[in-house]
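[1] just coords:
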């Protein structure tokens, strides 16, 4: 059984990616979520409607022990299963000006995006190298590429994942494993629901927010065999806001 794991897969861009991989690949979809079981079950339902199989894996990517224990238990229960695609999508924001940013707001954001990438990817990396095939796709952000005021923590976390993507890509390329980052701009999701779309859309040359499905299309392509010669790349998907 060949599998694709999507962290933070219960809502927003993560859900759209799960659905797209279900529709366009033969993978068994592993949907990671942290707390929202109802949303995760809804995603699983959509995966099944799109003709694929899937299951839910509950863990907090920021918690090293939890990640290891849940993934190890899953691997032990599915000895013949191979994870070929990892989409590191889980992330949180705790926005605010740096001068007022609490230690907690800083470390929670770093722990989820940056350490989450490490915890999940490091569990699978030796297996991918042994199998001589893999696709690692890290969801970053325009904030991690250009920096966004009010998001110094988020920009730091995502910028670090950008650099890690480029370094890891060079380490594993000989084994037919690609590592890429996808950097969305303003995308319509719960995470951007509180933003003033009317005002912000003026910043976007394309004059609209993106759809989660458009991001999922790109991720699905990078996860496919067609993208084998693309690695170490950061692909912006932001309507021209920054390039």
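    Structure's in. What do you need? Remember, it's a predicted structure, so these values are computed and weren't measured experimentally.

[2] list the contacts of the spatially closest residue to residue 197 that is not a sequence neighbour.
    Take residue 197 and drop its neighbours on the chain: the residue closest to it by C-beta to C-beta, 6 or more residues apart in numbering is residue 209, 6.0 Å away. C-beta coordinates here come from the backbone N, C-alpha and C atoms, glycine included. When contacts are counted by C-beta atoms under 8 Å, 6 or more residues apart in numbering, residue 209 touches 186-188, 192, 197, 200-201, 239.

[3] any idea which of these is least confident?
    Lowest pLDDT among those: residue 192, with 66.

[4] all helices for the protein, in order.
    Remark: helices assigned in the chain by DSSP state H are 12-24, 37-49, 64-77, 103-110, 116-131, 142-146, 152-172, 197-200, 212-222.

[5] which of those sits most buried?
    Mean neighbour counts were taken over the helices of the chain using mean count of other C-beta atoms under 10 Å, and the top value, a mean of 25, falls to helix 12-24.

[6] let me know how buried the nearest residue in space to residue 29 that is not next to it in sequence is, in neighbour terms.
    Ranked by C-beta to C-beta, 6+ apart and with sequence neighbours excluded, the top spatial neighbour of residue 29 is residue 54, at 3.7 Å. Other residues within reach of residue 54, judged by other C-beta atoms under 10 Å, total 23.

[7] check residue 202 too.
    Here the number of neighbours of residue 202 (other C-beta under 10 Å) works out to 7.

[8] now do the one 5 residues further on
    Using other C-beta under 10 Å, residue 207 is surrounded by 10 other residues.

[9] buried stuff in stretch 53-61?
    For stretch 53-61, the buried set under the neighbour-count rule, 16 or more other C-beta atoms under 10 Å, comprises 54, 56-57, 59-61.

[10] who wins for proximity to residue 84 among the helices of the chain?
    helix 116-131 (7.5 Å; C-beta to C-beta).

[11] now that closest one: mean pLDDT?
    98.

[12] figure out how far it is from the centre of its chain.
    Taking C-alpha atoms, centre = their mean, to the nearest Å, one finds helix 116-131 lying 14 Å from the centre of the chain it belongs to.

[13] what does it rub up against?
    5, 7, 32, 61-64, 67-68, 71-72, 82-84, 86, 88, 90-91, 134, 136, 138, 161, 164, 168, 172, 175, 177.
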